[in-house]
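Colleague: Generate a structure from the sequence data that follows.
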Amino acid sequence: MNRDFVLFCNGCEKGVYFKLPDTFVIPDDYQQTIPIDRQNVVDYYPRNVPSIDQAIPKEVADDHLEAIRCQSVSASKAVVTQCRRALQNTCTLNGAPNADLIDQIDDLYNRRIINPALKDMAHTIRMIGNWGAHPQKDTLKEVASSDATDVLEFTGEFLDEVFARPARIKNFKAKKGIK
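Modeller: Below is the predicted model of the structure:
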């Protein structure tokens, strides 16, 4: 029996190819639907699962990856909301007080964890993330696909600067015996 399958998403109508291992039992009465558990999948396509730097803490990386997945289905409001969430998790993990995100970002800046450019970037992510997360009372703020793309890129750059780059520098210095 063929162990290769293609499933089509009802939403985006894109196909996903996957291959089942020989040990996976397909029922004799198989028609169109069988329960598939991720651990049973040997291979799949597309394999465009982005990699996130290991220096980025899991809770932040999970939010960023979810934003990337939202982008793949053009869910712009969800993208910017998840980016805002990754930003707030970053602030919390860096010791910002339990306060509004605007104050948490300013706290990171005041403690020199982020520089003026990153502070500006963080406030931009925060504001556009608010558009996605909160209905606006005064005017409806639309989140365009291009907004989501930019915020996703800004968030990746922000996370790189706060977590990944310092880790790379630390590792490089350790390899060279520099304190």
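Colleague: Test my guess that D106 contacts K119.
Modeller: Yes. Using Cβ atoms under 8 Å, D106 is in contact with K119, at 7.4 Å. Yep, even glycine has a C-beta here, placed from its N, CA and C like the rest.
Colleague: how about the nearest residue to L159, chain neighbours excluded?
Modeller: Nearest residue to L159 in three dimensions, chain neighbours excluded: I56, at 5.3 Å (Cβ to Cβ, 6 or more residues apart in numbering).
Colleague: any idea how far A75 is from L118?
Modeller: 26 Å (Cβ to Cβ, to the nearest Å).
Colleague: cool, D53 as well?
Modeller: Taken as Cβ to Cβ, the span from D53 to A75 is 24 Å.
Colleague: Compare those two (neighbour count), which wins?
Modeller: Between D53 and A75, counting by other Cβ atoms under 10 Å, A75 is the more crowded of the two (19 against 15).
Colleague: quick one, phi psi at that one?
Modeller: phi -90, psi 80 (degrees, to the nearest 10).
Colleague: need the strands for the protein, in chain order.
Modeller: 4-8, 15-19, 43-45 (DSSP state E).
Colleague: hey, least reliable of these by pLDDT?
Modeller: Sorting these by mean pLDDT places strand 43-45 lowest, at a mean of 48.
Colleague: So what's the residue count around Q82?
Modeller: 28.
Colleague: Surely it touches D63?
Modeller: Yes. Counting by Cβ under 8 Å, Q82 does reach D63; the two are 5.3 Å apart.
Colleague: Show me which helix or strand of the protein is least confident by mean pLDDT.
Modeller: strand 43-45 (a mean of 48; mean pLDDT, DSSP states H and E).
Colleague: gap between the two ends of stretch 95-102?
Modeller: Using Cα to Cα, to the nearest Å, the end-to-end distance of stretch 95-102 comes out at 14 Å.
Colleague: Please enumerate residues in contact with it?
Modeller: Residues from elsewhere that reach stretch 95-102 (Cβ atoms under 8 Å, 6 or more residues apart in numbering): 84, 87-88, 91-92, 103-105, 107-108, 111, 123, 126.
Colleague: what sits against A167?
Modeller: A167 neighbours (Cβ under 8 Å, 6+ apart): D53, A55.
Colleague: hmm, 10 Å instead?
Modeller: If you count contacts by Cβ atoms under 10 Å, 6 or more residues apart in numbering, A167 has them with D53, Q54, A55, I56, D160.
Colleague: Let me know the distance separating the first one from D100.
Modeller: In this view, D53 and D100 are 28 Å apart by Cβ to Cβ.
Colleague: go on, K179?
Modeller: Taken as Cβ to Cβ, the span from K179 to D100 is 38 Å.
Colleague: Please apply the same query to L87.
Modeller: In terms of Cβ to Cβ, L87 sits 12 Å off from D100.
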